[in-house]
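Trainee: sequence and predicted structure, then a few things I'm wondering about:
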Amino acid sequence: MNRTNLRRKPRAKQTTMPSTKIPTQRPAGDISTLPLRIREVTLPDEPAIRALVEDISISFKYSFAAAPADIPISNPSPVDLVLREFINSRPRDVRSKHAEKATALLRSPRRFREQTLGRYGSIEPEQYATVGFDGLASLAGPRSGQDLSDAVKRLRNLRLSVPASHAERSQAGTEKSVLVPEVGALMRDEVLGHKFTKFDLFIKEVHCFEETDEIGADEISVGGVIVDADGQTHVIDQFVVSDDFDEGESILYPPPQLPKPLFDALKKDPQAIQKAFAAAYAQPGRKFGEWKIRRDLGWPTAYAATIVIAEKDDGGFWKFLRELAKKIVEALERELKMGLGAAAGLGIGAAIGGVWGALVGAVVGFVVGALWDLFSQDNPDDIVGQAPLVMSFGASSMSYYQWTGLLKQPHPDLFPIDFKGDGGHYRVWCYYQLYK
């Protein structure tokens, strides 16, 4: 993006992380071709659960609009309080833009509201004022065509079978259990695989294709949410990638250690820069999040992450994200329990099994993205973008881990994630890695 000097203030010298130009040739790796299910998430595949997630998302949209529109609520719910606290913490000009757009949406004719808010578009702001977020679904009436019990059964029944032993008669006439050679090999394979107890998500490189529309230097921060296999959420606090990003520039973790003085080093070794980058690529990147491997939830077992990139945030968004994630999960659990009834007697996590983490991760990422899309032209915290990911394991054996490529050294293949928003375009190169 070409900018004049009138649009951008003078840039300060980088003081935290040295900026580096990264060679165009990177290690191979593509998010769509990796054998493991590492993919960007939109919504779950099960139609009934997909419809539920969409419904929850739209309900949060309505409440997110009601906050800046300053709809007086007689008995606000915890969700209403979280959303209003966040809106009230924004700068005055941002609050004003939010209020204008939200008021126009909620005061528009019903047929227009329904285009954005679905079945909740039939609810007038005055009605919402009497119940708040907790009573919103009751005003809209029951959802149609929901069969959550069958959908949950299909999710939970995704299991992999393991061969069993067979019995043979001994000379004394008694039976003893003998493992056939194939089963013995499988057991050894499992024992070796069980030595790996955790895996991490790393960020290796952040590249700027185009700066944001904000005046001044792009000060890019990264943070987000990770979700365990049992649905527990953990917010990853923001960290600054660079306070002075330029188009075509990258930040590599760790930064290459260029020889000094560089000119003299290049005279002795023309490949000195390439060697420095190669050495940096061979080292671990910056850890974004960590998960413990769960083998007690059945297969597949899924783990989720939502990576968010923001331009010079004041910290308010990340605090809001922490509280918002909790409320989204609570809403999901409540709706599933209502839909499943007695089937959820052991708890939602137990009812769904190892895919619960993926479902929670997908819902959190989807709702967060939906809220920013609602007011994307009035970006409250200069959010460049957010990307939900899910990574699922189908087994925990050594041979399976080798097949996934997550044991590669010095680190597994990188895969790219693009973030486009607020006028900017950034690409983050990541990888997962298993550890004992």
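Mentor: Yes, it's here.
Trainee: spit out the contact partners of the closest residue to residue 79 other than its chain neighbours.
Mentor: Closest residue to residue 79 apart from its sequence neighbours, by CB to CB, 6 or more residues apart in numbering: residue 133 at 4.0 Å. The way it works is simple: take the backbone N, C-alpha and C, and place the C-beta from them, glycine included. Neighbour list for residue 133: 59, 60, 63, 76, 77, 79, 80 [criterion: CB atoms under 8 Å, 6 or more residues apart in numbering].
Trainee: contacting residues around the helix or strand containing the last one?
Mentor: Residue 80 is part of helix 78-88, with elements assigned from DSSP states H and E. Contact partners of helix 78-88, identified using CB under 8 Å, 6+ apart, comprise 60, 63-64, 66-68, 73, 76, 95, 98, 132-134, 316-317, 320, 323-324, 327, 331.
Trainee: which one of the contacts of residue 133 is nearest residue 285?
Mentor: For the contacts of residue 133, the residue nearest residue 285 by CB to CB is residue 60; the value is 32.9 Å.
Trainee: just to be sure, the closest one is in a helix?
Mentor: Yes. The assignment for residue 60 by DSSP: H, G, I helix; E, B strand; the rest coil puts it in a helix.
Trainee: that one against residue 328, yeah?
Mentor: Yes. If you go by CB atoms under 8 Å, residue 60 and residue 328 touch, sitting 7.1 Å apart.
Trainee: so which bits of stretch 237-244 are buried?
Mentor: 238, 241, 242, 243, 244 (16 or more other CB atoms under 10 Å).
Trainee: burial check on residue 249, number of neighbours?
Mentor: Residue 249 has 18 neighbouring residues, counting by other CB atoms under 10 Å.
Trainee: didn't it look like it was pressed against residue 210?
Mentor: No. Counting by CB under 8 Å, residue 249 stays clear of residue 210, with 11.2 Å between them.
Trainee: can you give me the helices in the stretch 151-300 of the chain?
Mentor: 181-193, 262-268, 272-281 (DSSP state H, counting those that start in this stretch).
Trainee: what about the stretch 1-150 of the chain, any weak spots by pLDDT?
Mentor: Applying pLDDT under 70 to the stretch 1-150 of the chain flags the ranges 1-45, 144-147.
Trainee: show me the strands in it, by range?
Mentor: Secondary structure of the stretch 1-150 of the chain (DSSP state E, counting those that start in this stretch): strands located at 37-40.
Trainee: for the helices of the stretch 151-300 of the chain, which has the smallest mean pLDDT value?
Mentor: Of all these, the minimum mean pLDDT falls on helix 262-268 (a mean of 68).
Trainee: point to the residue nearest the middle of this protein.
Mentor: residue 306 (1.4 Å; CA atoms, centre = their mean).
Trainee: that residue: which element?
Mentor: Using DSSP H and E, residue 306 maps to strand 301-311.
Trainee: what packs against that strand?
Mentor: Packing partners of strand 301-311 (3 or more CB pairs under 8 Å, 6 or more residues apart in numbering; DSSP states H and E): strand 218-227, strand 286-292, helix 356-374, strand 383-393, strand 424-435.
Trainee: could you export these as CSV, including distance to residue 102, mean neighbour count and mean pLDDT?
Mentor: Shown next, in CSV, are the helices and strands packed on strand 301-311 (distance: least, CB to CB, whole Å; neighbours: other CB atoms under 10 Å; pLDDT from 0 to 100):
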stretch, distance to residue 102, mean neighbour count, mean pLDDT
strand 218-227, 25, 24, 85
strand 286-292, 33, 17, 94
helix 356-374, 8, 25, 75
strand 383-393, 17, 23, 78
strand 424-435, 25, 21, 90
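Trainee: next one: the residue nearest to residue 79 from residue 53, what distance?
Mentor: Plainly put, residue 133 is 17 Å away from residue 53 if you go by CB to CB, to the nearest Å.
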